[in-house]
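**Q** here is my input; please provide its structure:
(chains A, B, C and D)
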Number of protein chains: 2
Amino acid sequence: MESPTTIKKRDSYHHGDLRAQLIEATRRLVEEKGPDHFSVSEACRVAGVSTAAPYKHFKDKNEMLQEVAMDGMQRHHQEMLAEIEPYPVGSLDRIIGLGRVYTRFAQREPGVFRLMFGLSDDHDECERLVTQGNEVYSVVKLEVARCRGSETVGPEDEKRAFMLWSFVHGLSFLAIDGKLNDFFDPAQLEGLLIEVGARVMRDS
Amino acid sequence: MESPTTIKKRDSYHHGDLRAQLIEATRRLVEEKGPDHFSVSEACRVAGVSTAAPYKHFKDKNEMLQEVAMDGMQRHHQEMLAEIEPYPVGSLDRIIGLGRVYTRFAQREPGVFRLMFGLSDDHDECERLVTQGNEVYSVVKLEVARCRGSETVGPEDEKRAFMLWSFVHGLSFLAIDGKLNDFFDPAQLEGLLIEVGARVMRDS
DNA sequence: TTTCAAAGTTAGCGTCCCTTACATATGTTA
DNA sequence: TAACATATGTAAGGGACGCTAACTTTGAAA
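**A** Predicted coordinates for the structure are as follows:
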């Protein structure tokens, strides 16, 4: 379409930091145009290299996207830990905080979020991403167990955690697909998280 | 890749029913390869026509996919009505039934389901699909209101309905992305729907 | 200084979406 | 029945993309 936003000029034949710059360009483009409209060619234009250059650093287009997804998943993980840190261990606030981080990430970086959780065609093939995802989910399960008075995760904790995950996962996708604004007042999102957290975590 | 499954032979120059057959081919391929790996060319191979033929019947690739999504949404709607029909009006069973239909559709036709709710890039442009989606959601809202003792949908009903939608929406995507088998026993899915339905619909 | 591997480039193949120009069947109307 | 407008097909090709092969440049090690 239009010319890319930035063309990095370079004085020498070698780029110096092409791999990192391609990942950054990929992330930007994924956010700007969406994961399914990302093209390697455009990333090359942004980075100012030929269309063959990326294949010295990545196996294929998919590997470029997976790097971005992987990076997103790690940042997501860190954000979760940072968010719950202020609250007392075992409090419902920590659960709510996890949900807040989930939906906030989705709304702030919908492109990367889709990449992380969305089209799973190629996720199965990316073991690192699955592993990182498991680690993230382990945080949720542990916090659920703690909130229910245990430091080890039991079957009931697993079930509650999965309820919560399903909810915030669906909420996040509805939000970035514009259904939040159509069917629910976004200003009340925090309240919704709190109420669902309470309903799911409550005994009986 | 490999040669298409079926090539429809025809004796006359004209096809007779190309539009319908292209939609059917599109649905099949969307299920087989996933929405993002669908190509118009392959649909043409399946239908046994030239690659230019579809453009006499559809504006572009997207319109072909939208037809499939639209058809899916209508079937989804019918299934919902059929599922709740046996249960008494106002019962929680009707709510549970709606959730069961939602997740069942996702697991039975993940490709079409993704098309209906997934990549929303082009959904905004498809007014029919949005309208049909609103109708479907209206069913949910009405059943929630009835379950809470009213024939008209109030703010609290809207909120409960949105909680339920978020949950089954997320649950469905987790399921078709293989997370269900990893993190939750699929055999207990019905039980999960029942418990969440109860927790969300309960007073206080 | 020579050699070599890493990291660029150019050129090109195959696929895809879509358009344009042309060909053929069908139904209506004189 | 003949002529024509319309609907529906084909053939050919432009432009974008993913990726590969073969060549070139470069910095660093031997």
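
**Q** distance of A:A69 relative to A:L115?
**A** When distances are taken as C-beta to C-beta, to the nearest Å, A:A69 and A:L115 turn out to be 4 Å apart. Placement of C-beta: from N, CA and C, glycine included.

**Q** mind listing what A:A53 touches?
**A** The contact partners of A:A53, taken as C-beta atoms under 8 Å, 6 or more residues apart in numbering or on different chains, are A:H15, A:L18, A:C44, A:A47.

**Q** I meant A:M64, not that one.
**A** With contact set as C-beta under 8 Å, 6+ apart, A:M64 has these partners: A:L22, A:I23, A:T26, A:V40, A:A43, A:P54, A:F58.

**Q** among those residues, which pair sits farthest apart?
**A** Using C-beta to C-beta, the contacts of A:M64 reach their maximum pairwise distance at A:I23 and A:V40, which is 12.3 Å.

**Q** the helices in chain A, which residues?
**A** Per DSSP state H, chain A has helices spanning A:18-33, A:40-47, A:61-84, A:92-108, A:110-117, A:127-147, A:155-176, A:179-183, A:189-201. These are given in chain order.

**Q** which of the ones you listed has the lowest average pLDDT?
**A** Per-segment confidence across the helices of chain A bottoms out at helix A:179-183, which has a mean of 87 in mean pLDDT.

**Q** is there proximity between that one and chain B?
**A** Yes. Legend: contact between helix A:179-183 and chain B by C-beta under 8 Å from any C-beta of the partner chain is shown at A:F183.

**Q** got it, and stretch A:65-73?
**A** No. In terms of C-beta under 8 Å from any C-beta, no part of stretch A:65-73 sits within range of chain B; the closest distance is 11.9 Å.

**Q** which residue is the nearest non-sequential neighbour of A:M80?
**A** When the adjacent residues along the chain are set aside, A:M80 lies closest to A:V101, with 5.0 Å between them (C-beta to C-beta, 6 or more residues apart in numbering or on different chains).

**Q** from chain B, how far off is that neighbour?
**A** Counting by C-beta to the nearest C-beta, to the nearest Å, the gap from A:V101 to chain B is 15 Å.

**Q** that residue reaches A:E79, doesn't it?
**A** Yes. When contacts are counted by C-beta atoms under 8 Å, A:V101 is listed as touching A:E79 (5.1 Å).

**Q** tally of neighbours for the residue of chain A found nearest chain B?
**A** Shortest chain A-to-chain B distance, computed as C-beta to the nearest C-beta: residue-wise this is A:G170, at 2.7 Å. A total of 25 residues lie near A:G170 under the criterion other C-beta atoms under 10 Å in any protein chain shown.

**Q** contact distance from DNA strand C - what residues of chain A qualify?
**A** Selection of chain A residues close to DNA strand C by C-beta under 7 Å from any atom of the strand yields A:Y13, A:H14, A:H15, A:G16, A:L18, A:V49, A:S50, A:T51, A:A52, A:A53, A:K56, A:H57.
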